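Asker: Predicted model follows, preceded by the sequence.
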Amino acid sequence: MQKLYYGAAYYPELWPEAVIAEDMRYMQKAGINCVRMGEFAWAAMEPHEGEISLDFFVAIINRLHAAGIGTVFCTPTPTPPIWLSHGHPERMYTDNRGYPMAHGARQHVCTNNPYLRERGRLIVEACARAVGRLPGVIGWQTDNEFKCHVGECCCAECVRQWHEWLEARYGTVARLNDAWGTAVWSEAYERFDQVPAPMATTMGHNAALQTMYRLFHREKIAEFQREQVAIIRRHSDAPITHNSNRNFLLDNELLLRDLDFASFDNYPDCDHWQEMLLDYDLWRNGKAGRPFWVMETSPAHNGGLWGYHKPHRTGYLVAEAVAAYASGAEGFSHWLWRQQRAGVEQNHGAVLSAWGTPTVGYAGVLGVSAARALLEPVLLNSAPAQREVAMTYSDRARAYFITEPYDVGQYIPLARRWFDVLLAAGLPRDLLFEGAALDGYKLLTTPFVPYLSPEYLARARAFVEAGGLWIAGPLTGGRTGEHTVPTDAALGALEGLAGVETLYTYPLTNTGALGVAFGQAAPLTGWAATFLPTGAAAMGVLEGGVTPGLAFITEHQVGKGKLVLLGALPEGEDGAALLAAMFRHYAAEAGVAPALETSSGTIALPRTDDTGLFWVVVNMDGWGGTAALPAPAVDLLNREQFPAGTLELAAYGWRAIRMV
Amino acid sequence: MQKLYYGAAYYPELWPEAVIAEDMRYMQKAGINCVRMGEFAWAAMEPHEGEISLDFFVAIINRLHAAGIGTVFCTPTPTPPIWLSHGHPERMYTDNRGYPMAHGARQHVCTNNPYLRERGRLIVEACARAVGRLPGVIGWQTDNEFKCHVGECCCAECVRQWHEWLEARYGTVARLNDAWGTAVWSEAYERFDQVPAPMATTMGHNAALQTMYRLFHREKIAEFQREQVAIIRRHSDAPITHNSNRNFLLDNELLLRDLDFASFDNYPDCDHWQEMLLDYDLWRNGKAGRPFWVMETSPAHNGGLWGYHKPHRTGYLVAEAVAAYASGAEGFSHWLWRQQRAGVEQNHGAVLSAWGTPTVGYAGVLGVSAARALLEPVLLNSAPAQREVAMTYSDRARAYFITEPYDVGQYIPLARRWFDVLLAAGLPRDLLFEGAALDGYKLLTTPFVPYLSPEYLARARAFVEAGGLWIAGPLTGGRTGEHTVPTDAALGALEGLAGVETLYTYPLTNTGALGVAFGQAAPLTGWAATFLPTGAAAMGVLEGGVTPGLAFITEHQVGKGKLVLLGALPEGEDGAALLAAMFRHYAAEAGVAPALETSSGTIALPRTDDTGLFWVVVNMDGWGGTAALPAPAVDLLNREQFPAGTLELAAYGWRAIRMV
Amino acid sequence: MQKLYYGAAYYPELWPEAVIAEDMRYMQKAGINCVRMGEFAWAAMEPHEGEISLDFFVAIINRLHAAGIGTVFCTPTPTPPIWLSHGHPERMYTDNRGYPMAHGARQHVCTNNPYLRERGRLIVEACARAVGRLPGVIGWQTDNEFKCHVGECCCAECVRQWHEWLEARYGTVARLNDAWGTAVWSEAYERFDQVPAPMATTMGHNAALQTMYRLFHREKIAEFQREQVAIIRRHSDAPITHNSNRNFLLDNELLLRDLDFASFDNYPDCDHWQEMLLDYDLWRNGKAGRPFWVMETSPAHNGGLWGYHKPHRTGYLVAEAVAAYASGAEGFSHWLWRQQRAGVEQNHGAVLSAWGTPTVGYAGVLGVSAARALLEPVLLNSAPAQREVAMTYSDRARAYFITEPYDVGQYIPLARRWFDVLLAAGLPRDLLFEGAALDGYKLLTTPFVPYLSPEYLARARAFVEAGGLWIAGPLTGGRTGEHTVPTDAALGALEGLAGVETLYTYPLTNTGALGVAFGQAAPLTGWAATFLPTGAAAMGVLEGGVTPGLAFITEHQVGKGKLVLLGALPEGEDGAALLAAMFRHYAAEAGVAPALETSSGTIALPRTDDTGLFWVVVNMDGWGGTAALPAPAVDLLNREQFPAGTLELAAYGWRAIRMV
């Protein structure tokens, strides 16, 4: 990492030259050193079919470069021009009732449509050729927020490719029928071409069909990106990313396989700062060894015709950016530079207003610029410290939960809840996609992953055998890779490894069942597995309800390590307390070093440099806070010295602190 | 009745031979003496068009028979195979926007489609021929839960048959126009083929068109069943049923006309046991002189991808089954035997898990088996005692309420509310479909029946003239058979018979109107008729609101009996108290013998044998309870003796008690 | 004005002769002196295509005339007969997913369909020829409640006309692209015929496209009416109206341009009497110099298959009608005369029941008749007094708010809230459509008008320069005529005139921002503009939140008058108090004469005659009330005299009072 970037999304194609000139002056004033550009500009690049020119953008990039501002250039495929969409309903994104979307929004053309693919390759090639070697281009972004507005298209072409995908996956339709259990309800297929997309039906589609259709589309959008990446690489050495978001219907791990660095967009308001923290902990690990970017966040507030989030409180923006950089971000970039004067997002927070004056967010932008400059020397010479706790974050699990929510809701809020428990327990953590290596960790937690792949299970087992502590569950391991129920044991291979027999699986919600463990008691909720320990020890036991006395938490020695199995989800505040107690217990057992202790709402981000460990402490909630210094310390930025004891932080205050 | 059956739905077509063998052993262990089979197996019987074989099922039935287990065999028409649905949108169930459903669920093919009918007759014929004379076949079920997932199909073929139906009903389009009042809004038709199905429109369709379309579809599904029944009867003497449910869009009375015995499916959790009781009281009378079956209920919990009901509390299942048998059930059967490993209902409660172990519901199943064996001798030699209170239950009324809910909601919750009042008033009751004979009853209640047919009115009148006490209303009699407003009097012919003039009909909700009667006062709600007694006496009077002083309850001597007219619905707890007081008052006047007095949550079911009356008392709410013995009594099962006074029942406890 | 009319909607085409004869007798008994007729009778007039006869209606009109009852005759176009709709989905109203509506409701045929237009002209011509010169015809109504059930049709023909409309508006597609800002998201069009209707899409359509499609349809329905008006005028001198309603998707000002007098339909229950008052204050100004009509309101309760409003409390109907007449109504008419026996509105309140007896509303009708007779001499010799406060009411603004609700909801509830503040502040007011002249007013308020047209701005500026006091905002002036954001200043030309610079526009909801002004403080909500006064004075200042210290209310001398700018919406009860304080402050400053002071729930309506000012005071809330007489007074109807001081009014009581 050579530099910390501070940027904004920039749409020079929307404005006249006088405004552009003013923009560039203002960017320098505001300390913006990079922009992102081009993602919605297909019509500007190719206003009529085949009439492609990138001259405008080349000139802008060069002018920006001359002003010291780098450019992340985007492929413009999320917004196909009217010549591609008009009169071609068969090319449009089609919903599950066969209805094709109208032109005028985003992602309205199906990304599996062959002609979109063809024209997409041409425009990406044109972009890559035109700007790929420009010195101002510091990176690429493929498309924009894949699937931010759409789910699984059901157009005829998608259904055709679905059949190909099924054939490739299953080989014979008999294997599909067996894998999916299509004997149920006489669903059975005679040929692949008979398998429907999950379009509207009378009751519901087979879980397997639903989940597989989701996985099919996740693979297809990765294929779409792969085409673009291959083209860009032929003409450019700049690193490539995609501005993703956990809420989109994607397999991020698959997308990242073809990319050079991870980036994400998110827009929580200041009262939901934990969302950003979760993202930092996840995307930092998106591409091992490469820092991530916050590619889009608002300088003030998210907004559009639909309404708005509330604007950030004064001071928050600096805390958010400092936490990003300290968490491992190389870039922090706003959407958007200048408020749009038209369209759907006229009211979105920006750095400049549509009439060219500083917005309500501008003061925060100046603050971030100042902080970036101050932090840069310290952060370029250090790196995020290795975390010892890993939490698996699974987009595949999310697809399963959409099909089957187990009475506990959707994956993303569940994962957030887990994250909050780790945060409250004071455990610095990495969120890892399913395929990530587990080296360097002491404690692994795998909640809400219905299907444990053999690869994952093998990796987790090796981790445990080598001395790791693995907490699996709740709702982990009870489904096969085809979204069916195992027929060997409730949790398949996991049970044997965990030294338990699952006696019963059934829903605990409103049964009065209490879970008692680690000195805590909490109601249990949702679909559950209740255990009879065979080799394992019962660590949490059911009281009341239908099966009192059975275990819902067990632990089992495996090799040098331990496998903890959690069969049910503790609910509410008592549940969070039980889970925090569990994590503290096992973190201590695993020898996890706790974070620098802070008051709630204040965080401590560990980094290491040649000298060793230091902490960036940030008050995130705007109420001020404290950190408990175990020893005298020094602020690495201004060399201020502090005795051991309580370090006070102002509202949204922050410091880089090393114990001395 | 030769036997009490205890059964489960069985899907051997989903499992390999080893599992089937294990299933049969477990069934015997669990005391299961019958299974239901085949309803979703069309693709197993006819995997490719015209390739029909029932050999697998014949073998299974014979093996089960050898193991002492009878089979209820089903026609497999609810799940047409892919060769019937693929590529034929015109065959699919079509919603009111013309959208045809996708393959893969249930009831996705329109049951009025001629080709479905043709292939349906062939497969039913094949089934009937193959298994109709097998000794193991103890009964038949047509299809499965008609209309459980669908309403009124709007496919082109349905619309064509709708036109035929209208022509048969009205003869000329002028008569239709007059009957429906199509002069309103220039709706008038020139030809039958112009009459639309009630597909989406700008505001709403004529009440007549809406309600008639519902009745048309109810007749058509009965016609579909009639075809199957006729075929089965040619090849089998086993009695035929259909597993219905009050919530489906059916005319159950019409369906039962072609059947040999009544059965139903329902899945309330243990906290909603009154639902089951209502069903027992209704379906017992579904086919006069023939015992009913509970064809499906869960051993533990209803569930699916959508979520779950909560599992029954320990002990409830036995109480539920005992109450069923004592109420007149010959069979009590679970859905399902073995948890499905795939599809939409993977999580539904079962007797065995998908991996072959007893589920959380298994202990209850053993309890039911034991109770069944204990009860069998007593119940086979007795019968449910004749009830003296009858409540009319009308599927036609339900169709009217869907069209016009009168500000009081839908028919099923309203009927449930009425049932609860009768239950609270301690009146053993029969629920009767509209066409049932009224012999043997002393008190008839007819709530929520907007259209009183001339046949019904004549029968009720005869009942009253012969000395019966008839309570008509609320919301009874205010509509014609075409769902229009009478133009002779607000309640048509009912008014004259009741000795009142309806002064005003108008909505009472939130007007502040109180109904005062039988020492009680309660707010009145919904559409109401307010009366000026002509020959009748005012028994309940309005206070406050817009028309204070008018009557809302009147009574009128007719022949040897009395007609009580109820013009408005008392609301909330006060309303329930007022209604209970009214029922107790008139039950006493009619000489209705009250039930054995029990504490709330405990029920007493009267039966008679050669010796006379006895009671099966059951604690249904799981909190234990009491019955007040008016004399010394003996438990018919274990000969235990009790003095007069309070009999204690444990949680979910039950006894068969005769006063001695 | 020669007469006060009291009427009812009458449907003789639905009933046999005996009922019609009875109707006419009853109308005379009830004091009904006019009916409205024909609007849903197209099928009665032309049962088969081309077979037109108006003979039935001519005879009825003549019979009514002979009975002293005038007729408002309607064109029957809202309910096209089956021969026009059957088999022609392309003629039907089509939703934004391309789905055409079914026959049988109202407005189911697209009013832009050329064949509907052609047949519509023929039937209107036939009506006009047949009844246009009959002495009984006192007026005409075009169609019925345009757009009461439909929004913006998306049929192919509408889309074609949309393209014509766009071409007429923009000339070249380049101008459209620039005006709409279609460079955003590569929406840009190459030809007009590519511009979609705002049919379902992935995220949302450009604000400009959405709002323009609304305006297009508003113009088209006015064009439809214009065709009818031109035909009627060739055959009749009777004045023409349309029974509109603020809730329909219309440009009422445009519709009124072609009409002779204004009328409206509304059905609030008695607890929402302020709705009627607002309508009186608006529609009185619908057609300058011509009295308005309440064309439809219920004698008792609104109702239909969907449910009901509650019936009016006893006495309310008279208060409602008196307030209408005193507010300037020439006619007050019910829907409907006789309860319909069939269709969708069987349960709607009427004067007579379907079986020919007086309904629960009948007593109120007699009361209105008596009041009408009593009031007539006084009202015919007087006129509503000139109001001094004007509030702009904008259907165009409403179209903008549908596209962009600014976090404060929709226009109609916002306008109602503003109206309530004026009412609470005791300021007699006119509501004026945008184009109305401002002569005679002292205070103008223009809330919630995102686009201020140059014409409006010039008129308001002239009003201020001549000494008027103009309160502009909140949410006024921040959008262009194409629904884009101004690029010169946040509020465009308004800012310079107001002597402010808008520093920031951003959403205030939940930011903690308080507005402090006129001795009041209230939370501020929604999208806001915050000001730096340049020439103006800050009169209201922000406390807390993100930009404390900035102004949200400013005032600025312009010519002889003053422009007050309001940048944000005060919320809740505190907000209402702040706004009332503001209005009282500026009304006093502008020299507005306050209304006769009344207790809350009682109103005082000023009128003038040759002698001068008098007041019709009415208790509207049914709890009785008082007026504070500043001097001795006389009741103009019964000459009763009162001393200065408190005048008591009974529940729903009313008087015409002059100070003497």
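Answerer: Cool, got the structure. Numbering: from 1, shown residues only, chains lettered A, B, ... in the order given.

Asker: how about the spatially closest residue to A:Phe583 that is not a sequence neighbour, what does it touch?
Answerer: Here the nearest residue to A:Phe583 in space, its sequence neighbours aside, is A:Ala425; by CB to CB, 6 or more residues apart in numbering or on different chains that works out to 4.5 Å. In short, each C-beta sits where N, CA and C put it, glycine included. By CB atoms under 8 Å, 6 or more residues apart in numbering or on different chains, the contact set of A:Ala425 is A:Ala580, A:Phe583, A:Arg584, A:Ala587.

Asker: Quick check: A:Ala425 vs A:Phe419, distance?
Answerer: For A:Ala425, the distance to A:Phe419 equals 11 Å [CB to CB, to the nearest Å].

Asker: again with A:Asn302
Answerer: A:Asn302 sits 21 Å away from A:Phe419, going by CB to CB.

Asker: Likewise for A:Thr71?
Answerer: 34 Å.

Asker: what do you get for A:Gly515?
Answerer: Note on A:Gly515: its distance to A:Phe419, by CB to CB, is 20 Å.

Asker: Of these two, give the one with the bigger neighbour count.
Answerer: Set side by side, A:Gly515 and A:Phe419 show more neighbours around A:Gly515, with 31 against 21, by other CB atoms under 10 Å in any protein chain shown.

Asker: any idea which element that one lies in?
Answerer: strand A:514-517 (DSSP states H and E).

Asker: List the contacts of that strand.
Answerer: When contacts are defined by CB under 8 Å, 6+ apart, strand A:514-517 is touched by residues A:521-524, A:539-545, A:552-553, A:568, A:570, A:575, A:578, A:581-582.

Asker: helices or strands up against the helix or strand following that strand?
Answerer: Tracing the chain past strand A:514-517, the next element assigned as helix or strand by DSSP H and E is strand A:520-525. Contacts defined by 3 or more CB pairs under 8 Å, 6 or more residues apart in numbering or on different chains; DSSP states H and E place strand A:520-525 against strand A:514-517, strand A:569-570, helix A:572-590.

Asker: Nearest to chain C: which residue in chain A?
Answerer: A:Ala342 (2.3 Å; CB to the nearest CB).

Asker: That residue and C:Leu209 touch, don't they?
Answerer: No. Under the criterion of CB atoms under 8 Å, A:Ala342 is not in contact with C:Leu209, lying 10.1 Å apart.

Asker: Any chance you could list residues touching both of these two?
Answerer: Overlap of the contact sets of A:Ala342 and C:Leu209 (by CB under 8 Å, 6+ apart) consists of C:Trp180.

Asker: now the strands for the stretch 351-500 of chain A?
Answerer: A:382-384, A:389-393, A:429-433, A:443-446, A:469-472, A:500-507 (DSSP state E, counting those that start in this stretch).

Asker: Show the contacting residues for A:Arg607.
Answerer: Applying CB under 8 Å, 6+ apart, we find A:Arg607 in contact with A:Ala326, A:Leu379, A:Ser382, A:Ala383, A:Pro384, A:Ala385, A:Leu613, A:Phe614, A:Trp615, A:Val616.

Asker: Can you say which of these are buried?
Answerer: Those of the contacts of A:Arg607 that meet the buried threshold are A:Ala326, A:Leu379, A:Ser382, A:Pro384, A:Ala385, A:Phe614, A:Trp615, A:Val616, by 16 or more other CB atoms under 10 Å in any protein chain shown.

Asker: List just the nearest of these to C:Pro81.
Answerer: Within the set of the buried ones among the contacts of A:Arg607, A:Ala326 lies nearest C:Pro81; the separation is 74.0 Å, counting by CB to CB.

Asker: hang on, the earlier thing: quick check: which of the helices and strands packed on strand A:520-525 is buried the most?
Answerer: Per-stretch averages of neighbours, counted by mean count of other CB atoms under 10 Å in any protein chain shown, single out strand A:569-570 among the helices and strands packed on strand A:520-525, with a mean of 28.

Asker: Name the residues that touch stretch A:491-499?
Answerer: Contacts of stretch A:491-499 with the rest of the structure, by CB under 8 Å, 6+ apart, involve A:452, A:454, A:457, A:461, A:472, A:476-478, A:480, A:486, A:489, A:501-502, A:529, A:533-536, A:554, A:556, A:558, A:563, A:565.
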